[in-house]
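Colleague: Could you work out the structure for the sequence below:
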Amino acid sequence: MLKYIARIIAVCSLTVGSTMVFAESGADIYKSKCQMCHAADGSGNTPAGKSSKARPFDSPEVMKLSDDDLIKVTKSGQGKMPAYAGKLTDDQIKAVIAHIHTLQKK
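Modeller: As a prediction, this is how the structure comes out:
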């Protein structure tokens, strides 16, 4: 019985460990979900970004938005930007916004 319990604990530990290793970063999520419109540098300078009028992240209107505002836009969508509520978790959205802030500083 103890060997059986030890195996279960080992399997659970490996599962938790592998989940932690494979968690996507904000940069990874941005690259897969946002970059096609917002560009790698956040400028919106892509064909899709130009046609949808994506605002550059370093523009005054975007710079003045709070994190709560950015979360709301990301969850609900705005203009031609789709809503990501239900597609991304709250933690993933926060990670993307943290990545966006790194693009604003460049």
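
Colleague: which residues touch the closest residue to Met63 other than its chain neighbours?
Modeller: Among residues not flanking Met63 along the chain, Gln104 sits closest, at 6.4 Å (Cβ to Cβ, 6 or more residues apart in numbering). For glycine as for every other residue, the C-beta is placed from the backbone atoms N, C-alpha and C. Contact analysis of Gln104 by Cβ atoms under 8 Å, 6 or more residues apart in numbering lists 42, 57-58, 62-63.

Colleague: If we only consider these, which is nearest to Lys94?
Modeller: Phe57 (15.8 Å; Cβ to Cβ).

Colleague: what sits against Lys80?
Modeller: Applying Cβ under 8 Å, 6+ apart, the residues near Lys80 are 52-53.

Colleague: Kindly provide the distance from it to Lys50.
Modeller: Distance of Lys80 to Lys50, given as Cβ to Cβ, to the nearest Å: 11 Å.

Colleague: What of Gln78?
Modeller: 17 Å.

Colleague: Same question for Cys34.
Modeller: Distance from Cys34 to Lys50, by Cβ to Cβ: 15 Å.

Colleague: Between these two, which is the more surrounded one?
Modeller: Cys34 (22 against 12; other Cβ atoms under 10 Å).

Colleague: Can you check the pLDDT for that one?
Modeller: Per-residue confidence (pLDDT) for Cys34: 96.

Colleague: Do I have it right that it meets Ile93?
Modeller: No: counting by Cβ atoms under 8 Å, Cys34 stays clear of Ile93, with 10.8 Å between them.

Colleague: which stretch of helix or strand covers Val62?
Modeller: Assigned by DSSP states H and E, Val62 belongs to helix 60-63.

Colleague: So what touches the very next helix or strand once past that helix?
Modeller: Downstream of helix 60-63, the next assigned helix or strand under DSSP H and E is helix 67-76. Residues from elsewhere that reach helix 67-76 (Cβ under 8 Å, 6+ apart): 65, 81, 83-85, 88, 90, 93-94, 96-97, 100.

Colleague: and helix 67-76, which residues are buried?
Modeller: 70-71, 73-74 (16 or more other Cβ atoms under 10 Å).
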